[in-house]
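K.L.:
Sequence first, then the predicted structure:
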Amino acid sequence: MILHYYDFCKFSPGEKLKIKSTLSRLTMNNLLNNSVNLSSGTGQSAIALGSNLGDSPAILTAAIDTIAKTPGIKLLAQSSWYRTKAVGPPQPDYLNGCARLQVEMIPELLLEILLSIENKFGRTRNERWGARTLDLDLLLYDDLILKTEKLQIPHPRMSDRAFVLVPLAEISPDWIEPVCQRTIKELVKDVDCSDISLFSGN
């Protein structure tokens, strides 16, 4: 079982309670529906990171460090950082990157961890497509296809986003997106990469 990891997560008491509450709810729902075997909640996951408020290079580096030190998560690979033009209202350019993780938790719990880390770095959600200190997206979890009220895997817009595909292709070019059955290095050839460039501070 993987439940013991969450007693040691280094989050605030409120964040720990939220994670444990989610774990309890998911455990009960999944046992009732016989839909998930918690003892097999391990796999490789890909996540995207972005920031365009504050000291973005420092924030992203600290976020990676926080993720890597979280019990149940092992950092396998980290991409370079890329500068990307923001989508939506006028705002600063983004720094974006991706990471590949080995995780010992079901994807719903990984999402809760990522949301808690966003909150620790001052993430607010006042405006869709608005500027943010830290944005963490769960992109892939092995070859899982999942759609629930709160989580969709693969991420529904990842195949259209150069700022996701370019850094992901750097670290996981042969990972097959399970819906379209194409590799990341194939998908990146189909997107406009004119607004993304390698960050000089790598």
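P.N.:
Received, thanks. In this text, all values refer to a predicted model and were calculated from it rather than measured experimentally.

K.L.:
Okay, buried residues for stretch 101-113 please.
P.N.:
Under the neighbour-count criterion of 16 or more other Cβ atoms under 10 Å, stretch 101-113 has 101, 103, 105-113 buried. C-beta here means a position set from N, CA and C on the backbone, and glycine is covered the same way.

K.L.:
Extract the C-alpha trace of it and format it as PDB.
P.N.:
Output of stretch 101-113 as PDB, limited to C-alpha atoms (Å, rounded to 0.1, in the frame of the first residue of the first chain):
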ATOM      1  CA  LEU A 101       8.900  11.500 -12.600                       C
ATOM      2  CA  GLN A 102       8.700   8.000 -11.100                       C
ATOM      3  CA  VAL A 103       5.800   8.100  -8.700                       C
ATOM      4  CA  GLU A 104       4.400   5.800  -6.100                       C
ATOM      5  CA  MET A 105       0.800   7.100  -6.000                       C
ATOM      6  CA  ILE A 106      -2.300   7.100  -8.100                       C
ATOM      7  CA  PRO A 107      -2.700  10.100 -10.500                       C
ATOM      8  CA  GLU A 108      -5.400  11.800  -8.500                       C
ATOM      9  CA  LEU A 109      -3.100  12.100  -5.500                       C
ATOM     10  CA  LEU A 110      -0.200  13.300  -7.700                       C
ATOM     11  CA  LEU A 111      -2.500  16.100  -8.900                       C
ATOM     12  CA  GLU A 112      -3.300  17.100  -5.300                       C
ATOM     13  CA  ILE A 113       0.400  17.200  -4.500                       C
END
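
K.L.:
what about the helices in this structure?
P.N.:
Using DSSP state H, the helices assigned to the chain run over residues 13-33, 56-68, 107-120, 162-171, 184-187.

K.L.:
returning to that earlier point: among the buried residues of stretch 101-113, which one lies nearest to Ser194?
P.N.:
Distance to Ser194 across these (Cβ to Cβ) is lowest for Leu101, with 29.6 Å.

K.L.:
Let me know whether the closest one touches Gln78 as I believe.
P.N.:
No. Counting by Cβ atoms under 8 Å, Leu101 stays clear of Gln78, with 9.8 Å between them.

K.L.:
Worst mean pLDDT across the helices and strands of this structure, which element?
P.N.:
Every helix and strand of the chain was ranked by mean pLDDT, DSSP states H and E. The lowest is helix 13-33, at a mean of 48.

K.L.:
For Cys180, which residues are in contact?
P.N.:
The contact partners of Cys180, taken as Cβ atoms under 8 Å, 6 or more residues apart in numbering, are 159, 187.

K.L.:
what are the phi and psi angles of it?
P.N.:
Main-chain dihedrals, Cys180, degrees, to the nearest 10: phi -90, psi -10.

K.L.:
cool, and Ser80?
P.N.:
According to degrees, to the nearest 10, Ser80 has phi -70, psi 170.

K.L.:
from now on call the first residue 25
P.N.:
All right, first residue 25 from here; so that's Ser104.
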